[in-house]
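# Based on what follows, work out the 3D shape:
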Amino acid sequence: MADVVAALDCGSNSTRLLVANAQGALRREMRITRLSEGVDATATLLETAMQRTFDVLGDYRRLMDETKVERGLLVATSAVRDARNGEQFLARAQRIVGVEARILDGHEEATLSYEGATIGLEPDACATLIVDIGGGSSELAVMVEGVLESFSMQLGCVRITERALGSAAVDAAHDAAARSMIEAEIERAFSLQPAFARVAGNVRLVGLAGTVATLAQLDAGLVTYQRELVHHRVLTRDCVEWWRSTLAAESAQERLGHPGMVKGREDVLTAGLYVLEAVMDRFGADELLTSENDILDGIAQSLLA
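Coordinates of the predicted model:
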């Protein structure tokens with residue numbers, strides 16, 4: 001029997017599972033759990049947010065049993081990194097799923113995301129830069145002369161929503177606050193990671209994770225998710241700006257009316273699009289290639305290697 005592995009990601013906004021073997025993915029699951037709720041303000045994971053995540057992990061453990069998973073790895077990212085009680089959360093999460101569990105630092109997260117997102121991509125004359133917009137952080141990573149250079153920005157759709165943008169229709173003051181927060185952090189990324197300035201203006205930008213996947217679904221007008229219509233979809237800078245401005249003018253409830261909007265992202269997607277727009281501008285990218293392969297695929301690949 002082929003070796004079956006499980007990759008689990010306890011992200012800031014969603015908790016996800018990939019079950020795979022050497023032939024490819026067997027199951028993919030995603031639930032919105034908003035683990036990072038309140039973490040930016042309190043540096044503590046809330047009991048209610050942890051319980052939502054534990055409940056989903058219990059469901060995933062049962063699915064892992066059904067698919068005869070032999071090995072696995074659970075990773076936790078920004079929300080757990082930033083929380084005082086992150087280690088306690090991780091210990092209980094590990095007991096529930098019964099596989100190794102680790103808190104990734106920013107570079108580890110970016111590396112696994114890059115490895116996953118570039119699976120199946122043809123070589124390109126431009127440097128391939130990935131942007132992974134999460135709930136609490138956003139990872140940038142690019143391969144330069146065989147070395148993966150990365151930076152983890154303290155920018156995520158949940159963090160920006162809670163701190164600056166709000167989840168209602170965006171007024172001028174909230175727009176300015178979000179832009180200021182994002183511009184300052186991108187400037188910090190460029191100042192601390194010189195490789196970014198070297199590739200700016202000459203990159204193939206690959207976007208992954210929930211913000212980009214939902215944008216691709218909106219662009220395609222998908223009522224029901226269809227991976228083949230979302231994976232490796234090309235989105236223009238104008239498309240990103242149109243959806244950002246359209247959603248910003250609406251209430252969270254109104255955003256749910258768009259075919260392709262994922263319930264649980266309607267209050268935070270706009271913030272993610274502000275980040276995506278700013279990253280495209282700073283790197284001079286007119287287009288974005290979406291990828292449904294991400295950190296989970298990177299983890300699974302490492303487990304199967």
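
# Could you list the low-confidence segments of the stretch 101-250 of the chain?
Within the stretch 101-250 of the chain, no stretch falls below the threshold (pLDDT under 70).

# make it 90
By pLDDT under 90, the low-scoring segments of the stretch 101-250 of the chain are 106-107, 120, 122-123, 134-137, 145-146, 167, 209-210, 223.

# Mind jotting down where the helices sit in it?
Taking DSSP state H, counting those that start in this stretch, the helices of the stretch 101-250 of the chain run over residues 106-117, 157-160, 172-192, 195-199, 210-220, 227-230, 237-248.

# Export the ones you listed to a markdown table and append columns for mean neighbour count and distance to L148.
Any C-beta I mention is one placed from the backbone N, CA and C, and that applies to glycine too. Shown next, in a markdown table, are the helices of the stretch 101-250 of the chain (neighbours: other C-beta atoms under 10 Å; distance: least, C-beta to C-beta, whole Å):
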| stretch | mean neighbour count | distance to L148 |
| --- | --- | --- |
| helix 106-117 | 24 | 6 |
| helix 157-160 | 28 | 24 |
| helix 172-192 | 15 | 15 |
| helix 195-199 | 18 | 9 |
| helix 210-220 | 24 | 20 |
| helix 227-230 | 13 | 25 |
| helix 237-248 | 18 | 25 |
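
# any chance of those in a markdown table, with distance to L45 too?
Output for these, formatted as a markdown table (distance: least, C-beta to C-beta, whole Å):
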| stretch | distance to L45 |
| --- | --- |
| helix 106-117 | 18 |
| helix 157-160 | 13 |
| helix 172-192 | 22 |
| helix 195-199 | 31 |
| helix 210-220 | 19 |
| helix 227-230 | 30 |
| helix 237-248 | 28 |
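
# the strands in the chain, which residues?
5-10, 14-21, 24-32, 71-76, 100-103, 127-133, 138-144, 147-153, 203-208, 234-236, 287-291 (DSSP state E).

# So which of these is nearest V262?
V262 lies closest, by C-beta to C-beta, to one member of the strands of the chain: strand 24-32, at 7.6 Å.

# picking up where we left off before, can you lay out the strands of the chain as TSV showing mean neighbour count and distance to D175?
Supplementary listing: the strands of the chain in TSV, determined by neighbours: other C-beta under 10 Å; distance: least, C-beta to C-beta, whole Å:
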stretch	mean neighbour count	distance to D175
strand 5-10	26	31
strand 14-21	24	26
strand 24-32	16	25
strand 71-76	22	32
strand 100-103	17	34
strand 127-133	25	18
strand 138-144	25	19
strand 147-153	19	19
strand 203-208	24	22
strand 234-236	16	22
strand 287-291	21	22
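
# Take the ones you listed and write them to CSV, including distance to M261.
Output for the strands of the chain, formatted as CSV (distance: least, C-beta to C-beta, whole Å):
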stretch, distance to M261
strand 5-10, 22
strand 14-21, 15
strand 24-32, 12
strand 71-76, 27
strand 100-103, 31
strand 127-133, 16
strand 138-144, 21
strand 147-153, 25
strand 203-208, 17
strand 234-236, 16
strand 287-291, 16
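
# Go through those strands and name the closest to I299.
Comparison of these against I299 by C-beta to C-beta identifies strand 5-10 as nearest, at 3.7 Å.

# Okay, M280 and L140: tell me how far apart.
Using C-beta to C-beta, to the nearest Å, M280 is found at 12 Å from L140.

# you'd agree I96 is up against V56?
No: at 9.6 Å, I96 does not count as touching V56 under the criterion of C-beta atoms under 8 Å.

# So between the two, which is more surrounded?
Each of I96 and V56 has its neighbours counted (other C-beta atoms under 10 Å); V56 has more, 23 against 18.

# Who are the contact partners of the more buried one?
Shown in contact with V56 (C-beta atoms under 8 Å, 6 or more residues apart in numbering): T15, R31, T33.

# Among these, which one sits closest to Q193?
Within those, the smallest distance to Q193 is 29.1 Å, found for T15 (C-beta to C-beta).

# What's the separation between E241 and H174?
17 Å.

# hmm, back to that, save the contacts of V56 as TSV, and put in pLDDT and distance to A220 too.
Shown next, in TSV, are the contacts of V56 (pLDDT from 0 to 100; distance: C-beta to C-beta, whole Å):
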residue	pLDDT	distance to A220
T15	96	25
R31	95	22
T33	95	25
